[in-house]
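Colleague: Okay, sequence plus prediction incoming.
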Amino acid sequence: MAKIVTATLKMKIRGGQASAAPPVGSTLGQYGVNMMDFINPFNEQTKDRMGQMLTVHIQIYDDRTMDWRIVGTPTDELILAALKVDKGSGEPNKEKLEKKLSQSQLTEIAGTKASDMNTDDLEAVKKMVAGTARSMGVEVE
């Protein structure tokens, strides 16, 4: 018989730096699961991506067990890192950033994100990344 899912969570955690402090401890603690069953394997699995912000999807079951998977670094953070800026535009429809995303940077980011997307077509992934860039006030060359 299949386990009953009690909760489905999404958290952004820095790679290799999960701890019992918030947000991990407080979020998992309210569901009564052993947070160290998540923290130690997560830190071990992500030590090669130390400090990168990663999105984690966690499913908690009624018997207080859990499954989790790492989705990867968010697209907006990859764009900001490629352009070496701190944040996007506050009003992307009016104010654009001075720096522009080149086609080579777009292809590199799309290649990184391809495994997280729902398509195998690199051109489609590039369009998704370009849309994220536009919503941040970044123009694509």
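Modeller: Yep, that arrived.
Colleague: Tell me the secondary structure at the closest residue to residue 67 other than its chain neighbours.
Modeller: In space, residue 67 comes closest to residue 59 once its chain neighbours are excluded; the distance is 4.9 Å by Cβ to Cβ, 6 or more residues apart in numbering. C-beta here means a position set from N, CA and C on the backbone, and glycine is covered the same way. Classification of residue 59 by DSSP: H, G, I helix; E, B strand; the rest coil places it in strand.
Colleague: which residues does residue 59 bridge with?
Modeller: Counting by DSSP bridges, residue 59 forms beta bridges with residue 8, residue 67.
Colleague: For residue 94, see how far away it is.
Modeller: Distance, residue 59 to residue 94, using Cβ to Cβ, to the nearest Å: 41 Å.
Colleague: Report all helices and strands that the longest helix along the chain contacts.
Modeller: What stands out as the longest helix in the chain, according to DSSP state H, is helix 122-135. If you count contacts as 3 or more Cβ pairs under 8 Å, 6 or more residues apart in numbering; DSSP states H and E, helix 122-135 packs onto helix 75-83, helix 103-113.
Colleague: and the angle for that helix with helix 75-83?
Modeller: 80 degrees (axes from the mean of the first three to the mean of the last three Cα atoms, to 10 degrees).
Colleague: tilt between helix 122-135 and helix 103-113?
Modeller: 110 degrees.
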